[in-house]
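# Provided below for reference: sequence and predicted model.
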Amino acid sequence: MSSKKILVIYILLLLYSCNNHSQQIKGIDADTIIANTIPTDEAQQAQPSVFERVTALKKLTPFSPAQLKNILPKQLLQYHQTNFEITNQNGYSTAKYVYHNLNQNKSFQFTIIDCAGETGANIYYLQYLTRLNIQSETNQGYTKQIDLLGQKAIATYQKKLNQHELTFFNNDRLLIQMSATHLDINEMKQIIGALELSLPS
């Protein structure tokens, strides 16, 4: 792939992100991801740490759906896991975990993508690394990079829905997005700080 093509893809991603403050983690066609995100020799030399990270992820074996099911705890602070669903397509899995605090009528959702394997590694590049440098703010909301417990995270806010989202990378392989409509950023950070994942050995 030529460097010009990578530049065009980056510009399109920038325009898309600026017009969509809520960047949901969702299914993407594997062929599209692989075709548009494999770094060229020039890109590899310019960002060796990025290339090394993506290469390391490609060498990992993806978790099975059964393994992903038990990664998050059934209870997190005063919240209880009330729903779980998982999809497996195009070589990667997406798991969704919903938590509720019935006493306070509050809830949130964690969406996790295992970035191991060829497709997962390219999703990490496309949906996390590429978006870290995108900053956008209007009277309708924002997308920006923030510090989340000492690591880089992507924060988005939709004013109309009063919805916050935090997207971050965890355990060198999991892309995690937390979304909530009745919690502020500080409450979300507190929950994430208490998060203990049980990764398969």
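Cool, the structure landed. Numbers count the residues shown, from 1 in each chain.

# the residue lying closest to residue 132 once chain neighbours are set aside and residue 106: what is the separation?
Distances taken as Cβ to Cβ, 6 or more residues apart in numbering place residue 145 nearest to residue 132, at 5.4 Å, with adjacent residues excluded. Every C-beta, even on glycine, is put in place using the N, C-alpha and C of the backbone. Using Cβ to Cβ, to the nearest Å, residue 145 is found at 26 Å from residue 106.

# quickly run through the sheet partners of whatever helix or strand residue 152 lives in, with directions.
Assigned by DSSP states H and E, residue 152 belongs to strand 151-158. Its sheet considered, strand 151-158 pairs with strand 141-148 (antiparallel), strand 163-170 (antiparallel) by DSSP bridges.

# for the nearest residue to residue 179 once chain neighbours are set aside, name its beta-bridge partners.
Take residue 179 and drop its neighbours on the chain: the residue closest to it by Cβ to Cβ, 6+ apart is residue 165, 4.5 Å away. Beta bridges link residue 165 to residue 156, residue 179, judged by DSSP bridges.

# could you list the buried residues of stretch 115-133?
By 16 or more other Cβ atoms under 10 Å, the buried positions in stretch 115-133 come out as 115-131.

# OK, contacts around the residue nearest to residue 154 when sequence neighbours are not counted?
The shortest distance from residue 154 to any residue other than its chain neighbours is 4.3 Å, reached at residue 167 (Cβ to Cβ, 6+ apart). Going by Cβ atoms under 8 Å, 6 or more residues apart in numbering, residue 167 touches 23, 25, 127, 128, 131, 153, 154, 156, 175, 176, 177, 178.
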